[in-house]
Structures are given as structure tokens and as C-alpha cells.
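*Asks:* quick one, structure for this:
(one chain, ligands or ions: 2)
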Amino acid sequence: MAPKIPVIIDCDPGHDDALALIMALASDKLDVRAVTVTGGNQTLAKTLNNAKRILSYIGKRPLLARGADKPMFRELTIAPQVHGDSGLDGPVIPQADYPVEPLPAVDLMRRIIAESPAPVTLLATGPLTNLGILLTAYPEVRSQVGRISLMGGGLGGGNWTSAAEFNILVDPEAAAIVFSSGLPITMCPVDVTHKAMIMRSEVEALRAQGGRVSVFAAELIDFFFKFHTAQGFPGAPLHDPCAAAWLIAPELFTVQDLSVTVETRGEHTTGMTLADRRPWSGAKPNVSVCLDVKREELIRLLARCCAAYGD
Ligand code: RIB
Ligand code: CA
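*Replies:* Ligands and ions are numbered 1, 2, ... in the order given. Next comes the predicted model:
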């Protein structure tokens, strides 16, 4: 069996972040060394509290650290209309007395990366503030980060604005640092996550398979359905699970290496991820972009990961 991949998950839980945590922590391919949290879907206080509740409820104990409470150079934008006032509205799970590391997220990330005998993968499912600060404050880590798998961006437009996807828009400067870092990046934009739609019947099958984590996941998606069906989606897009699933089962995805830059100054386009697809441009690809997914197999993978937690 191949050695487990050391992973740090940086997130802003968030319903779909919770699903990504469930998947990554269930996988026997990944060694989740730490979970770091940023503001995004809700304030940092709420996303950190949600991370504590989620990890405690699913019975996993990775190190947990507090990250940025606002973007590098901007004020925080939150998404209560999607995730509710708590950032994890819907499922009723208890508050949790889960230990938070005294080290700030960026310093814990640096320590883990520096001490790891193998390159560490960063799984990013929220705004990229913590990664932007890490790569700026500790540039030496670049030689020891194996890959970044991130949910963010949109090559054919965004979801938060017509140009920009939420994670990138919240902190476009941090995203620009990440995308220009030279590190291997796998990007899961809304172009693929909007294809990774889970349908009502599949949520009911997930609930019916039983087990506390399967039922929890179904209840997370129940709430996630509300905003998205009101927007006219046929189901709920599994945004963050795509970035986790690529680490677990990359064969589910169709990818294309592209040159992608992040707009940080446009009056209408700030947060846009612009791919140069002109064959004659000579633009050097910096990102491996997931453009399609085997949807049904992704849903089966989510169900298997949930079932792995048992009753
Ligand atoms: O645009 C979707 C992304 O924004 C997801 O990561 C979701 O959790 C929110 O953070
Ligand atoms: Ca997220």
C-alpha cells in the first residue's frame, strides 16, 4: 500500500467544508496532520467553533488551529445566506470542548511542513488567506509543499459575482499569491463543482444507509439545498468535496493544465480567475484545472466515506 499523503486542511466550515472534512478524515490515503480555520462562510469565531463541533461529532482528533479572521488587505465577506447565522445551520450537533493549538494556523502549518519527512499537501476549501500569509511569511516552505488542492474560482464566471467565486473573491490578493507561487496546484472551480451536484434521491439514500455521520452529512446537505434550490439549482453543488475527492480519487476528474491569473483590481472583475486558453499565447500553465467529474462516482465516494465511520 502506498504511504499516506500528509495533508493539512484549511477551511471555513461551512456545510460543504464539513463534507470535505468527513471525506478526507475517512480516507486511508490521507494522513490529516492538522485542520486550520479561516474566516469566510462565517466569522472566524464561528468557523472555528464549527470545526470543533464537526471534528468532535465525527470522532476525529487532528490538531486544530486558529487562522486569519480577515483577508490580507480587505474586510471579511461572510455568507450567512448560504450557511446560516452559525455557519453550520441545520444539523443539531453539540458544542464541543475541542483543544485549539496555541500556535496560530500559519505557524502550525510551517512547523508541520518543516518537520514532515514527506512533502505536505494543502487542501484548501475556503478563502486562501492562511495560505497567502504562509507563503509570504515563510517562503522556504515552498520546497516542502507537495501540492495544493483547492476549491475556488470559475473559468466561465463566478457564483458570488458574475465574475468571481466566493473563496477567491473574499481574498483575491491571497489567491494571487497562491496562484503565482509556482507550487503544483489542482483547482476545483465552479465549472466542475456545479457539475458535482447531489440530488434529493441521493441525499435520501445517504440518510438511509444509516450511521451518525451519514445522517449528519444528509442533514448538512438538506440545509445546503435550501439556498441552492432557491437559486434554481436541481440539487446541491458539492463544492469543497471536489477538492478532497481529487486527493482521494483523482481518476474521477478530467483536468486541463492552464495558465490562470487572479484579478485583484477590476471594478467589476475583482476575484475573477482568468484562464489564458489562446494556443498561440505561449502562456505557461500554473494550475491543473478540474473541468469535469464522474458525478455518480463522486456521490458513491461520499457515501463510502460516510459509511466508514460506522454506526
Ligand atoms: O463558492 C463555494 C465556496 O465558498 C465553498 O468553499 C463554500 O464553502 C464557500 O466557502
Ligand atoms: Ca468552504
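
*Asks:* buried set for the helix or strand containing residue 53?
*Replies:* Assigning secondary structure by DSSP states H and E places residue 53 in helix 44-58. If you call a residue buried by 16 or more other CB atoms under 10 Å, then helix 44-58 has these buried ones: 44, 46-58. Using the backbone N, CA and C atoms, a C-beta is placed for each residue, glycine as well.

*Asks:* nearest to ligand 2, of the residues you listed?
*Replies:* residue 47 (8.8 Å; CB to the ion).

*Asks:* interface residues of the stretch 151-300 of the chain facing ligand 1?
*Replies:* Residues of the stretch 151-300 of the chain found near ligand 1 (CB under 6 Å from any ligand atom) are 151, 159, 165-167, 239-240.

*Asks:* what's the closest non-adjacent residue to the residue of the stretch 1-150 of the chain found nearest ligand 1?
*Replies:* The minimum distance from the stretch 1-150 of the chain to ligand 1, using CB to the nearest ligand atom, falls at residue 14 (4.0 Å). Nearest residue to residue 14 in three dimensions, chain neighbours excluded: residue 41, at 3.9 Å (CB to CB, 6 or more residues apart in numbering).

*Asks:* hmm, back to that, out of the residues of the stretch 151-300 of the chain next to ligand 1, list just those in strands.
*Replies:* In this view, these that belong to strands under DSSP state E are residue 151.

*Asks:* of the residues of the stretch 151-300 of the chain next to ligand 1, buried ones?
*Replies:* By 16+ other CB under 10 Å, these give 151, 159, 165-167, 239-240 as buried.

*Asks:* which two in those residues are spaced the farthest apart?
*Replies:* 159 and 240 (13.1 Å; CB to CB).

*Asks:* re earlier: which secondary structure elements does the helix holding residue 53 contact?
*Replies:* Under the contact criterion of 3 or more CB pairs under 8 Å, 6 or more residues apart in numbering; DSSP states H and E, helix 44-58 touches helix 15-26, strand 30-37, strand 63-66, helix 212-230.

*Asks:* packing partners of the helix or strand just after the shortest one?
*Replies:* Yep, that's strand 63-66 we're talking about. Beyond strand 63-66 in the direction of the C-terminus, DSSP H and E gives the next helix or strand as helix 80-83. With contacts taken as 3+ CB pairs under 8 Å, 6+ apart, helix 80-83 sits against helix 212-230.

*Asks:* neighbouring contacts of the very next helix or strand once past the helix it packs on?
*Replies:* Beyond helix 212-230 on the C-terminal side, the first helix or strand identified by DSSP H and E is strand 236-237. Strand 236-237 has contacts (CB atoms under 8 Å, 6 or more residues apart in numbering) with 16, 190, 193-194, 196-198, 203, 221, 224-225, 228-229.

*Asks:* now, of the residues you listed, which are buried?
*Replies:* Neighbour-count burial (16+ other CB under 10 Å) is assigned, among these, to 16, 190, 193-194, 196-198, 203, 221, 224-225, 228.

*Asks:* need the max-distance pair from these.
*Replies:* It's 190 and 203 that sit farthest apart of the buried ones among the contacts of strand 236-237, by CB to CB, at 20.3 Å.

*Asks:* residue 169 belongs to a helix?
*Replies:* Yes: per DSSP: H, G, I helix; E, B strand; the rest coil, residue 169 lies within a helix segment.

*Asks:* quick check: chain neighbours aside, which residue is closest to it?
*Replies:* residue 271 (3.2 Å).

*Asks:* hmm, back to that, nearest to ligand 1, of the contacts of strand 236-237?
*Replies:* Out of the contacts of strand 236-237, the member with the shortest distance to ligand 1 (by CB to the nearest ligand atom) is residue 16, at 4.6 Å.

*Asks:* name the nearest residue to the closest one, sequence neighbours excluded.
*Replies:* residue 240 (4.0 Å).

*Asks:* could you do residue 166 as well?
*Replies:* Nearest non-adjacent residue to residue 166 (CB to CB, 6+ apart): residue 160, at 4.3 Å.

*Asks:* thinking the one you found is in contact with residue 153, fair?
*Replies:* No: with contact defined as CB atoms under 8 Å, residue 160 does not count as touching residue 153 (11.1 Å).

*Asks:* who's more crowded, these two?
*Replies:* Comparing residue 160 with residue 153 by other CB atoms under 10 Å, the one with more neighbours is residue 153, at 29 against 18.

*Asks:* residues of the host helix or strand of residue 290 that come out buried?
*Replies:* Assigned by DSSP H and E, residue 290 falls within strand 287-293. Neighbour counts using 16+ other CB under 10 Å place 287-291, 293 of strand 287-293 among the buried residues.
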